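*Asks:* no sequence on this one, just coordinates:
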């Protein structure tokens, strides 16, 4: 499943007066009793942040959409840091829907994650849906300390039910101990050559990945595995298909495509169940 051909993102997408500017910030820090506290939990605009569950070794935060976003021209960002020894689980209450704006300008959504030594961060948002007419540039940048752990899930759905997709440019960069572990860029939708051919999505409208990074993969023997309908024992051409592969890092990356978000999640959940710990 090769990514669609893409172009490099310009040095800056022009800002517009009509667009919304909003940043959500989360800082997780462990105390002397091993409880992860949240000294910073700050959201604005479409980001309403809620701590869920009771204080414990892992802090759990849910992002609740307070308004429709991103619209064309919006500049949104999420910054989350798990300091040394902390454990942070971030999720969302519902899918994020990229919509066209009044000006026709592109929107940007930048996610920046930082994980310290001995810390863990689970970034598990709900799917991003690119509605017809939308134009979104999404970047996810992760900085990991040598003994940090990360579980990152990305799910992207091209168009709502019964409509064409918008345009999506996406880049994921992960660095561990200052060295690049993963750097990939993809693009889909109107104006992108070949994105819907058999070399890319092959008619599917949902795509995603699950990345797991941690010291436990140093010694764990991992092999390339086919998942979902791609697995030889299943041959389910109507369902999602994926491949799980080890990365030098140490890490494991699952990449999947499916006709819809439900079947995409099933493949990524299958991958998650096969990971150690």
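*Replies:* Thanks, I have it. Computed from a predicted model, the values in this text were never measured in an experiment.
*Asks:* which one is residue 97 nearest to, not counting chain neighbours?
*Replies:* In this structure, residue 97 finds its nearest non-sequential neighbour in residue 129, 4.7 Å apart by C-beta to C-beta, 6 or more residues apart in numbering. All C-beta atoms are positioned from the backbone trio N, CA, C, and that covers glycine.
*Asks:* spit out the contact partners of that neighbour.
*Replies:* For residue 129, the contact set (C-beta atoms under 8 Å, 6 or more residues apart in numbering) comprises 95, 96, 97, 98, 156, 157, 159, 160, 261.
*Asks:* quick check: residue 50 touching residue 65?
*Replies:* No - taking contacts as C-beta atoms under 8 Å, residue 50 lies outside contact range of residue 65: 11.5 Å.
*Asks:* neighbour count winner among these two?
*Replies:* residue 65 (17 against 12; other C-beta atoms under 10 Å).
*Asks:* hang on, the earlier thing: which of the contacts of residue 129 fall in strands?
*Replies:* Among those, the ones falling in strands (DSSP state E) are 96, 97, 98, 156, 157.
*Asks:* most neighbours of all those, which one?
*Replies:* Counting by other C-beta under 10 Å, top hit in those: residue 98 with 28 neighbours.
*Asks:* ok, it touching residue 131?
*Replies:* Yes - between residue 98 and residue 131 there is a contact at 6.1 Å, judged by C-beta under 8 Å.
*Asks:* which residues are common contacts for the two?
*Replies:* Residues touching both residue 98 and residue 131 (C-beta under 8 Å, 6+ apart) are residue 166.
*Asks:* list the buried residues for stretch 264-274?
*Replies:* For stretch 264-274, a neighbour-count test (16 or more other C-beta atoms under 10 Å) marks 264, 265, 266, 267, 268, 270, 271 as buried.
*Asks:* average model confidence for it?
*Replies:* If you average the pLDDT over stretch 264-274, you get 94.
*Asks:* need the residues that contact it.
*Replies:* Applying C-beta under 8 Å, 6+ apart, the external contacts of stretch 264-274 come out as 127, 151, 153, 155, 157, 206-210, 225, 227-228, 239-242, 244, 254, 256-258.
*Asks:* so how far is that stretch off the chain centroid?
*Replies:* Relative to the chain's own centre, stretch 264-274 is displaced by 15 Å; criterion: C-alpha atoms, centre = their mean, to the nearest Å.
*Asks:* show me where pLDDT drops low in this protein?
*Replies:* Where the chain drops to pLDDT under 70, the residues are 1-18, 220, 232-238, 277.
*Asks:* same thing but 80
*Replies:* Residue ranges of the chain with pLDDT under 80: 1-18, 199, 219-222, 229-238, 276-277.
*Asks:* and the helices in it?
*Replies:* In the chain, the helices defined using DSSP state H lie at 261-273.
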